[in-house]
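just coords:
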Ligand SMILES: Nc1ncnc2c1ncn2[C@@H]1O[C@H](COP(=O)(O)OP(=O)(O)OP(=O)(O)O)[C@@H](O)[C@H]1O
Ligand SMILES: CC(C)(CO)[C@@H](O)C(=O)NCCC(=O)O
Ligand SMILES: [K+]
(Lines give C-alpha, C1' and ligand atoms only; values in the text may rest on other atoms or scores of the structure.)
(Ligands and ions follow the chains in the order given, each with its own letter.)
Protein backbone atom coordinates (compact mmCIF):
# COMPACT_ATOMS: atom_id res chain seq x y z
CA UNK A 1 0.00 0.00 0.00
CA UNK A 2 1.00 3.57 -0.63
CA UNK A 3 1.59 6.15 2.08
CA UNK A 4 0.99 9.64 0.65
CA UNK A 5 2.27 12.58 2.70
CA UNK A 6 1.27 16.19 2.02
CA UNK A 7 3.35 18.43 4.23
CA UNK A 8 2.18 22.04 4.32
CA UNK A 9 3.52 24.93 6.38
CA UNK A 10 0.79 24.44 9.02
CA UNK A 11 -0.36 20.83 8.79
CA UNK A 12 0.95 17.55 7.46
CA UNK A 13 -1.60 15.09 6.08
CA UNK A 14 -0.96 11.35 5.82
CA UNK A 15 -3.22 9.15 3.67
CA UNK A 16 -3.15 5.46 2.94
CA UNK A 17 -4.03 4.43 -0.61
CA UNK A 18 -4.82 0.76 -1.22
CA UNK A 19 -4.65 1.01 -5.02
CA UNK A 20 -8.33 1.88 -5.43
CA UNK A 21 -9.26 4.16 -2.53
CA UNK A 22 -7.99 6.03 0.50
CA UNK A 23 -8.38 3.85 3.58
CA UNK A 24 -7.56 6.59 6.08
CA UNK A 25 -6.40 10.20 6.32
CA UNK A 26 -4.77 11.74 9.38
CA UNK A 27 -3.33 15.19 10.03
CA UNK A 28 -0.66 16.42 12.39
CA UNK A 29 0.83 19.89 12.94
CA UNK A 30 3.94 20.36 10.82
CA UNK A 31 7.05 20.41 13.01
CA UNK A 32 10.49 19.92 11.54
CA UNK A 33 11.76 18.69 14.93
CA UNK A 34 9.47 15.65 14.87
CA UNK A 35 11.56 12.52 14.42
CA UNK A 36 10.90 9.46 12.27
CA UNK A 37 10.29 7.44 15.44
CA UNK A 38 7.66 9.91 16.61
CA UNK A 39 5.86 9.76 13.26
CA UNK A 40 5.94 5.97 13.42
CA UNK A 41 4.48 5.75 16.93
CA UNK A 42 1.70 8.15 15.94
CA UNK A 43 0.90 6.40 12.66
CA UNK A 44 0.97 2.86 14.03
CA UNK A 45 -1.24 3.90 16.97
CA UNK A 46 -3.83 5.32 14.59
CA UNK A 47 -3.64 2.23 12.40
CA UNK A 48 -4.25 0.01 15.42
CA UNK A 49 -7.06 2.19 16.79
CA UNK A 50 -8.88 2.21 13.46
CA UNK A 51 -8.18 -1.52 12.95
CA UNK A 52 -6.81 -0.88 9.49
CA UNK A 53 -4.66 -3.64 8.12
CA UNK A 54 -2.19 -1.67 6.05
CA UNK A 55 1.14 -2.97 4.90
CA UNK A 56 2.88 0.13 3.62
CA UNK A 57 5.39 -0.69 0.92
CA UNK A 58 5.63 2.59 -1.00
CA UNK A 59 5.56 6.30 -0.20
CA UNK A 60 5.20 9.63 -1.96
CA UNK A 61 5.86 13.01 -0.36
CA UNK A 62 5.10 16.63 -1.21
CA UNK A 63 6.63 19.06 1.24
CA UNK A 64 6.53 22.85 1.22
CA UNK A 65 8.87 22.72 4.23
CA UNK A 66 12.25 21.39 3.05
CA UNK A 67 13.51 20.66 6.57
CA UNK A 68 10.87 18.02 7.35
CA UNK A 69 11.75 15.86 4.37
CA UNK A 70 14.77 14.35 6.10
CA UNK A 71 12.77 12.80 8.94
CA UNK A 72 9.98 11.69 6.60
CA UNK A 73 12.58 9.92 4.46
CA UNK A 74 13.98 8.19 7.55
CA UNK A 75 10.43 7.13 8.49
CA UNK A 76 9.95 5.48 5.10
CA UNK A 77 13.39 3.85 5.02
CA UNK A 78 13.41 2.57 8.58
CA UNK A 79 9.82 1.50 9.10
CA UNK A 80 8.43 0.76 5.64
CA UNK A 81 11.66 -0.31 4.00
CA UNK A 82 11.11 1.93 0.99
CA UNK A 83 12.59 4.98 -0.69
CA UNK A 84 9.89 7.66 -0.93
CA UNK A 85 9.25 9.53 -4.15
CA UNK A 86 9.66 13.23 -3.31
CA UNK A 87 7.87 15.71 -5.58
CA UNK A 88 10.20 18.45 -6.78
CA UNK A 89 13.32 16.27 -6.63
CA UNK A 90 14.99 15.54 -9.99
CA UNK A 91 14.15 11.81 -9.79
CA UNK A 92 10.41 12.56 -9.57
CA UNK A 93 9.02 12.95 -13.10
CA UNK A 94 5.93 15.03 -13.85
CA UNK A 95 3.59 14.37 -16.79
CA UNK A 96 4.08 17.96 -18.05
CA UNK A 97 6.94 20.28 -17.07
CA UNK A 98 6.04 23.66 -15.55
CA UNK A 99 6.61 26.74 -17.69
CA UNK A 100 7.94 29.43 -15.35
CA UNK A 101 10.94 31.75 -15.11
CA UNK A 102 14.25 29.93 -15.19
CA UNK A 103 15.57 29.22 -11.71
CA UNK A 104 12.12 29.41 -10.09
CA UNK A 105 11.17 26.60 -7.73
CA UNK A 106 7.44 26.01 -7.80
CA UNK A 107 5.91 24.79 -4.53
CA UNK A 108 5.47 21.00 -4.82
CA UNK A 109 1.89 21.29 -3.54
CA UNK A 110 1.10 23.50 -6.54
CA UNK A 111 2.65 21.01 -8.96
CA UNK A 112 0.66 18.20 -7.35
CA UNK A 113 -2.58 20.21 -7.51
CA UNK A 114 -1.89 20.91 -11.18
CA UNK A 115 -1.55 17.20 -12.00
CA UNK A 116 -4.76 16.29 -10.15
CA UNK A 117 -6.70 19.25 -11.55
CA UNK A 118 -5.71 18.42 -15.13
CA UNK A 119 -6.52 14.72 -14.64
CA UNK A 120 -10.00 15.50 -13.29
CA UNK A 121 -11.00 18.58 -15.28
CA UNK A 122 -8.65 18.92 -18.26
CA UNK A 123 -6.66 22.06 -19.09
CA UNK A 124 -7.31 25.80 -18.79
CA UNK A 125 -7.84 25.79 -15.05
CA UNK A 126 -7.39 28.10 -12.13
CA UNK A 127 -6.87 26.04 -8.96
CA UNK A 128 -7.45 27.94 -5.72
CA UNK A 129 -5.93 26.26 -2.64
CA UNK A 130 -6.84 27.69 0.79
CA UNK A 131 -3.89 26.64 2.96
CA UNK A 132 -1.37 28.63 5.00
CA UNK A 133 -1.17 30.76 1.88
CA UNK A 134 -4.02 31.02 -0.60
CA UNK A 135 -2.56 30.05 -3.95
CA UNK A 136 -3.94 30.29 -7.45
CA UNK A 137 -2.31 27.82 -9.84
CA UNK A 138 -2.91 28.43 -13.53
CA UNK A 139 -2.94 25.29 -15.70
CA UNK A 140 -2.49 25.61 -19.46
CA UNK A 141 -4.41 23.65 -22.11
CA UNK A 142 -1.75 20.88 -22.12
CA UNK A 143 -1.69 20.51 -18.32
CA UNK A 144 1.41 22.62 -17.66
CA UNK A 145 1.64 24.78 -14.57
CA UNK A 146 2.30 28.26 -15.99
CA UNK A 147 2.28 30.39 -12.84
CA UNK A 148 -0.29 31.97 -10.60
CA UNK A 149 -0.76 33.96 -7.45
CA UNK A 150 0.31 33.64 -3.79
CA UNK A 151 -1.83 35.57 -1.27
CA UNK A 152 -1.77 35.47 2.54
CA UNK A 153 -3.96 32.64 3.85
CA UNK A 154 -7.24 33.25 5.67
CA UNK A 155 -6.02 32.09 9.08
CA UNK A 156 -2.75 33.92 8.60
CA UNK A 157 -4.61 37.19 7.94
CA UNK A 158 -6.70 36.71 11.10
CA UNK A 159 -3.60 35.87 13.12
CA UNK A 160 -1.74 38.91 11.77
CA UNK A 161 -4.55 41.26 12.89
CA UNK A 162 -4.54 39.74 16.36
CA UNK A 163 -0.74 39.92 16.65
CA UNK A 164 -0.39 43.48 15.42
CA UNK A 165 -3.33 45.20 17.12
CA UNK A 166 -3.49 45.10 20.93
CA UNK A 167 -7.29 45.38 21.09
CA UNK A 168 -8.13 42.77 18.44
CA UNK A 169 -8.81 39.24 19.70
CA UNK A 170 -8.07 35.98 17.93
CA UNK A 171 -11.11 35.15 15.79
CA UNK A 172 -12.04 32.08 13.76
CA UNK A 173 -13.27 32.58 10.23
CA UNK A 174 -16.99 32.09 9.54
CA UNK A 175 -19.45 33.49 7.04
CA UNK A 176 -20.91 36.64 8.63
CA UNK A 177 -24.62 37.48 8.26
CA UNK A 178 -23.85 41.03 7.16
CA UNK A 179 -20.96 43.19 6.03
CA UNK A 180 -21.58 45.75 8.78
CA UNK A 181 -20.27 44.19 11.98
CA UNK A 182 -21.82 45.51 15.21
CA UNK A 183 -19.05 44.22 17.49
CA UNK A 184 -15.30 43.76 17.19
CA UNK A 185 -15.44 40.05 16.40
CA UNK A 186 -18.12 40.55 13.74
CA UNK A 187 -16.10 43.42 12.21
CA UNK A 188 -12.98 41.25 11.92
CA UNK A 189 -14.94 38.32 10.51
CA UNK A 190 -16.52 40.62 7.97
CA UNK A 191 -13.16 42.07 6.94
CA UNK A 192 -11.59 38.71 6.35
CA UNK A 193 -14.60 36.94 4.86
CA UNK A 194 -15.82 39.65 2.47
CA UNK A 195 -12.24 40.68 1.81
CA UNK A 196 -11.51 37.15 0.71
CA UNK A 197 -14.60 36.88 -1.48
CA UNK A 198 -13.41 40.06 -3.20
CA UNK A 199 -9.86 38.78 -3.45
CA UNK A 200 -10.91 35.55 -5.13
CA UNK A 201 -13.34 37.29 -7.49
CA UNK A 202 -10.81 39.96 -8.41
CA UNK A 203 -7.89 37.63 -9.01
CA UNK A 204 -9.96 35.18 -11.05
CA UNK A 205 -11.31 38.05 -13.16
CA UNK A 206 -7.82 39.40 -13.75
CA UNK A 207 -6.36 36.00 -14.68
CA UNK A 208 -9.23 35.44 -17.13
CA UNK A 209 -8.44 38.78 -18.81
CA UNK A 210 -4.87 37.57 -19.38
CA UNK A 211 -5.92 34.27 -20.97
CA UNK A 212 -7.36 33.54 -24.39
CA UNK A 213 -9.49 30.54 -23.41
CA UNK A 214 -12.35 30.02 -20.93
CA UNK A 215 -10.89 29.08 -17.54
CA UNK A 216 -12.58 26.72 -15.06
CA UNK A 217 -12.06 27.49 -11.37
CA UNK A 218 -11.42 24.56 -9.01
CA UNK A 219 -11.11 25.12 -5.25
CA UNK A 220 -9.45 22.94 -2.63
CA UNK A 221 -8.13 23.17 0.94
CA UNK A 222 -9.96 23.08 4.24
CA UNK A 223 -11.68 26.44 3.88
CA UNK A 224 -12.85 26.06 0.27
CA UNK A 225 -16.41 24.98 1.22
CA UNK A 226 -16.83 28.10 3.37
CA UNK A 227 -16.21 30.36 0.40
CA UNK A 228 -18.35 28.25 -1.87
CA UNK A 229 -21.59 28.87 0.06
CA UNK A 230 -23.99 30.96 -1.95
CA UNK A 231 -21.49 32.27 -4.49
CA UNK A 232 -20.54 31.35 -7.99
CA UNK A 233 -16.80 31.63 -7.38
CA UNK A 234 -15.92 28.01 -8.17
CA UNK A 235 -16.97 25.50 -10.79
CA UNK A 236 -16.04 22.67 -8.42
CA UNK A 237 -14.71 22.12 -4.91
CA UNK A 238 -12.37 19.13 -4.54
CA UNK A 239 -11.75 18.03 -0.93
CA UNK A 240 -8.53 16.15 -1.42
CA UNK A 241 -6.99 17.43 -4.63
CA UNK A 242 -3.43 17.30 -3.30
CA UNK A 243 -3.80 13.70 -2.11
CA UNK A 244 -5.27 12.66 -5.46
CA UNK A 245 -2.36 14.36 -7.21
CA UNK A 246 0.18 12.51 -5.06
CA UNK A 247 -1.33 9.17 -6.04
CA UNK A 248 -1.35 10.18 -9.72
CA UNK A 249 2.29 11.30 -9.66
CA UNK A 250 3.32 8.11 -7.91
CA UNK A 251 1.55 6.01 -10.53
CA UNK A 252 2.99 8.07 -13.37
CA UNK A 253 6.52 7.51 -12.06
CA UNK A 254 5.96 3.76 -11.73
CA UNK A 255 4.44 3.49 -15.20
CA UNK A 256 7.30 5.41 -16.84
CA UNK A 257 10.08 3.64 -14.93
N1 LIG B 1 -10.24 17.74 8.22
C2 LIG B 1 -10.24 18.93 8.82
N3 LIG B 1 -10.67 19.05 10.08
C4 LIG B 1 -10.70 20.24 10.69
N5 LIG B 1 -10.32 21.40 10.14
C6 LIG B 1 -9.88 21.32 8.92
C7 LIG B 1 -9.82 20.11 8.18
N8 LIG B 1 -9.34 20.36 6.98
C9 LIG B 1 -9.08 21.64 6.97
N10 LIG B 1 -9.42 22.26 8.12
C11 LIG B 1 -9.32 23.69 8.43
O12 LIG B 1 -9.03 24.36 7.27
C13 LIG B 1 -7.75 24.97 7.36
C14 LIG B 1 -7.06 24.84 6.01
O15 LIG B 1 -6.75 23.49 5.80
P16 LIG B 1 -5.64 22.99 4.79
O17 LIG B 1 -5.19 21.63 5.19
O18 LIG B 1 -6.11 23.19 3.43
O19 LIG B 1 -4.47 24.01 5.03
P20 LIG B 1 -3.53 24.23 6.28
O21 LIG B 1 -3.30 22.96 6.97
O22 LIG B 1 -4.06 25.37 7.09
O23 LIG B 1 -2.28 24.78 5.50
P24 LIG B 1 -1.06 24.00 4.85
O25 LIG B 1 -1.62 22.97 3.93
O26 LIG B 1 -0.36 25.10 4.16
O27 LIG B 1 -0.35 23.42 6.02
C28 LIG B 1 -7.04 24.26 8.51
O29 LIG B 1 -6.07 25.07 9.13
C30 LIG B 1 -8.21 23.95 9.42
O31 LIG B 1 -8.53 25.08 10.19
C1 LIG C 1 3.05 29.10 -1.64
C2 LIG C 1 3.14 27.89 -0.74
C3 LIG C 1 3.62 28.30 0.65
C4 LIG C 1 1.73 27.30 -0.62
O5 LIG C 1 1.72 26.15 0.16
C6 LIG C 1 4.07 26.80 -1.36
O7 LIG C 1 3.57 26.38 -2.56
C8 LIG C 1 5.48 27.32 -1.57
O9 LIG C 1 6.25 27.41 -0.63
N10 LIG C 1 5.82 27.68 -2.83
C11 LIG C 1 7.12 28.11 -3.25
C12 LIG C 1 7.05 29.27 -4.20
C13 LIG C 1 6.15 29.07 -5.43
O14 LIG C 1 5.31 28.16 -5.47
O15 LIG C 1 6.28 29.84 -6.38
K1 LIG D 1 -2.60 22.25 1.67
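Arrived safely. From a predicted model like this one, the values you see are computed outputs, not experimental measurements. Residues are numbered from 1 along each chain as shown. Ligands and ions are numbered 1, 2, ... in the order given.

residue 148: how many residues sit nearby?
22 (other CB atoms under 10 Å). To be clear about C-beta, it is placed using only N, CA and C from the backbone, and glycine gets the same treatment.

helices of the stretch 51-200 of the chain, residue ranges please.
Per DSSP state H, counting those that start in this stretch, the stretch 51-200 of the chain carries helices over the ranges 69-80, 108-121, 154-164, 184-209.

among those helices, which is nearest ligand 3?
Closest to ligand 3 of the helices of the stretch 51-200 of the chain, according to CB to the ion: helix 108-121, at 5.6 Å.

backbone dihedrals for the residue of the chain positioned farthest from its centre, please?
The centre of the chain is farthest from one residue, residue 182, which by CA atoms, centre = their mean lies 34.3 Å away. Backbone torsions of residue 182, given as degrees, to the nearest 10, read phi -110, psi 10.

before we move on, back to that, packed most tightly, which of the helices of the stretch 51-200 of the chain would that be?
helix 108-121 (a mean of 24; mean count of other CB atoms under 10 Å).

tell me how far that helix lies from the chain's centre.
Here the centre of mass of C-alpha atoms in helix 108-121, compared against the chain's by CA atoms, centre = their mean, to the nearest Å, lies 10 Å away.

likewise stretch 206-226?
Distance, stretch centre to chain centre, for stretch 206-226: 15 Å (CA atoms, centre = their mean).

now do the buried residues in it.
For stretch 206-226, the neighbour count (16 or more other CB atoms under 10 Å) marks 207, 215, 216, 217, 218, 219, 220, 221, 222, 223, 224 as buried.

contacts only, for residue 97.
residue 144 (CB atoms under 8 Å, 6 or more residues apart in numbering).

that one and residue 212: what is the separation?
21 Å (CB to CB, to the nearest Å).

and the strands in the stretch 1-150 of the chain?
All strands of the stretch 1-150 of the chain, identified by DSSP state E, counting those that start in this stretch, fall at 2-7, 11-17, 22-29, 58-63, 85-86, 125-130, 133-139, 145-152.

tabulate these in TSV, adding columns for mean pLDDT.
Shown next, in TSV, are the strands of the stretch 1-150 of the chain (pLDDT from 0 to 100):
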stretch	mean pLDDT
strand 2-7	98
strand 11-17	98
strand 22-29	97
strand 58-63	98
strand 85-86	98
strand 125-130	98
strand 133-139	98
strand 145-152	98
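
rewinding a little: to ligand 2, which of the helices of the stretch 51-200 of the chain lies closest?
Across these, ligand 2 has its closest neighbour in helix 108-121 (4.8 Å, CB to the nearest ligand atom).

hmm, that closest one touching ligand 2?
Yes. Residues of helix 108-121 are located near ligand 2 by CB under 6 Å from any ligand atom, namely 109, 110.

name the helices or strands packed onto that helix?
The contact analysis (3 or more CB pairs under 8 Å, 6 or more residues apart in numbering; DSSP states H and E) places helix 108-121 against strand 58-63, strand 125-130, strand 133-139, strand 145-152, strand 216-220, helix 241-255.

ok, the shortest one: who's next to it in the sheet?
Put plainly, it is strand 216-220. Here strand 216-220 has these sheet partners by DSSP bridges: strand 125-130 (parallel), strand 236-237 (parallel).

out of those strands, which gets nearest to ligand 1?
Nearest to ligand 1, of all those, is strand 125-130, at 5.6 Å by CB to the nearest ligand atom.
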